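Colleague: okay, sequence plus prediction incoming.
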Amino acid sequence: MSKAINQISDSDERSILDSISKWLQKDVAPYVMEMEHDDVYPHEMVEQMKEFGLFGATISPEYGGLGLSASTYAKIVMMIAEEWMSLSGIFNSHLMMATIVEKYGTTFQKEYWLPKFVTGEIRGGLALTEASAGTDLSGIRTRADKSGERYVINGTKTWISNGIEGGAVALLVKTDVAATPARKGMSMFIAPKVDPDTSRTYSGYQTGKKLEKLGYKGIDSSELMFDDYELDAQRHLVGGKEGRGFYMAVGGLELGRINIAARSCGISRRALREATAYSQTRETFGQPISQHQAIQLKLGEMATRTRASELLTQDAARAYDVGERCDMEAGMAKYFSSESAVENALDAMRIHGGYGYSKEYPIERLYREAPLMCIGEGTNEMQRIIIARQQIERNPV
Ligand SMILES: Cc1cc2nc3c(=O)[nH]c(=O)nc-3n(C[C@H](O)[C@H](O)[C@H](O)COP(=O)(O)OP(=O)(O)OC[C@H]3O[C@@H](n4cnc5c(N)ncnc54)[C@H](O)[C@@H]3O)c2cc1C
């Protein structure tokens, strides 16, 4: 199951990070505030991310991707999320879909889909959640019924990132609604809106309107409706076999959790950076507020949380890269980093006083972005349960 990683040198990694950093300063930072507040999809930035190869960041070079390790990928995500978390969501969700194809797809499926995913020609995400089933995926109702060589899919997904602008999703369905446990009756399909071979738009695939959200603006989240939507087994049923979809979703979420942890690090870093700078320029009682011990206590906690989040994230990424089981490590990184992002955003707001609450400063955006990190890719309640189960399993008495 482990895939080829393009082991790049430290200097190559530095040069990738430098190019992305320059791009962020020149072509992203000046526009974030307006695009975030107007909830505008960043089409031009997506084109630039395609040029950087970010839609193929973790896909193996044999399919045209950069084949970056999860460690390098996490550093890129941290950097982008430090500028605008929404931007990282556009390729992170896409790469979860790609990871599922690369880890579990047939040779034919990898050769068919991955080169299209690498270029961003087809972008997408992961469609698991339904109105009545998020954490407990056994409750999904979307089903695929076999009819000859084809599957007929009916159901509705919700909250799907890249749902409108994307061209395909990895779609979790039930192929056996009577299976017990339910997860054994689940399968994963690569579900495109348009058939890449014929350019025909599938009439059974409908997209809902862009959902209104607290934060994570710019990127589209929407419902997806499937009404007698027909796919074939050879191209679309991942791995060519029914019954393995749940395990594929869980497998895709490992990288997903590392990237949520990395996004959280980006939010924490930005909150720390803004608070450190502001505290040295804002004066009260004749001195910069950075000289007040109450502010120093906050900065000390923020800096420690940020560093600990980065280290946990790198630890999980390292385990992922060497093919070790890393649900515990990814869970710890995701849980700790996202809770830290929430705390850092709030501390940065307190340090900024009234200005932290103003839309003219980035702090209120960080404060709206951070809580999503506690929910996405498995809520933090579930992460703690996963960590505890592993703690017990790895330490039997
Ligand atoms: C902006 C945004 C983008 C999203 N993008 C996507 C996407 O691209 N694809 C996708 O498939 N989904 C996406 N989601 C959905 C997200 O993954 C779910 O919201 C999440 O999994 C939680 O599911 P739920 O909302 O149904 O909450 P529920 O599952 O109903 O949970 C409600 C509460 O109960 C807790 N809980 C549930 N079960 C247990 C338990 N056994 N023990 C303890 N506590 C428990 C949860 O932790 C939570 O606090 C997105 C959501 C948002 C808000």
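Modeller: Happy to help now that I have it.

Colleague: got the contact list for residue 32?
Modeller: 83, 84, 362 (Cβ atoms under 8 Å, 6 or more residues apart in numbering). Heads up, the C-betas are built off the backbone N, CA and C, glycines and all.

Colleague: who wins on neighbours among the residues you listed?
Modeller: Neighbour counts for the contacts of residue 32 (other Cβ atoms under 10 Å) peak at residue 84, which has 27 neighbours.

Colleague: my read is that it contacts residue 27, right?
Modeller: No - with contact defined as Cβ atoms under 8 Å, residue 84 does not reach residue 27; the gap is 11.3 Å.

Colleague: out of the contacts of residue 32, which sit inside helices?
Modeller: Judged by DSSP state H, helices contain the following of the contacts of residue 32: 83, 84.

Colleague: can you redo the contacts of residue 32 as TSV with distance to residue 173?
Modeller: Listed next are the contacts of residue 32 as TSV, based on distance: Cβ to Cβ, whole Å:
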residue	distance to residue 173
83	36
84	33
362	40
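
Colleague: which neighbours do residue 84 and residue 27 share?
Modeller: With the criterion set as Cβ under 8 Å, 6+ apart, the contacts of residue 84 and residue 27 do not overlap.

Colleague: which stretches of the stretch 101-250 of the chain form strands?
Modeller: Using DSSP state E, counting those that start in this stretch, the strands of the stretch 101-250 of the chain run over 124-127, 143-147, 150-161, 168-174, 186-192, 205-210, 221-232.

Colleague: ok, which of the ones you listed comes nearest the ligand?
Modeller: strand 150-161 (3.5 Å; Cβ to the nearest ligand atom).

Colleague: relative to strand 168-174, how tilted is that closest one?
Modeller: 110 degrees (axes from the mean of the first three to the mean of the last three Cα atoms, to 10 degrees).

Colleague: and strand 150-161, what's buried?
Modeller: Residues of strand 150-161 classed as buried by neighbour count (16 or more other Cβ atoms under 10 Å): 151, 152, 153, 154, 155, 157, 158, 159, 160, 161.

Colleague: separation between the second one and residue 285?
Modeller: Meaning residue 152. As defined by Cβ to Cβ, to the nearest Å, residue 152 lies at a distance of 71 Å from residue 285.

Colleague: element containing the closest residue to residue 391 other than its chain neighbours, please.
Modeller: In this structure, residue 391 finds its nearest non-sequential neighbour in residue 328, 7.2 Å apart by Cβ to Cβ, 6 or more residues apart in numbering. Following DSSP states H and E, one finds residue 328 within helix 327-351.

Colleague: tell me the helix or strand right after that helix.
Modeller: helix 363-375.

Colleague: so for that next one, what gets flagged as buried?
Modeller: For helix 363-375, by 16+ other Cβ under 10 Å, it's 363, 364, 365, 366, 367, 368, 369, 370, 371, 372, 373, 374.

Colleague: and after that helix, which helix or strand comes next?
Modeller: Per DSSP H and E, the first helix or strand lying C-terminal to helix 363-375 is helix 380-394.

Colleague: pLDDT score for the residue nearest the centre of the chain?
Modeller: In the chain, the C-alpha nearest the mean C-alpha coordinate belongs to residue 92, at 4.0 Å (Cα atoms, centre = their mean). With respect to pLDDT, residue 92 has a value of 95.

Colleague: how about it, nearest residue that isn't a chain neighbour?
Modeller: Nearest to residue 92 is residue 259, by Cβ to Cβ, 6+ apart, at 4.5 Å.
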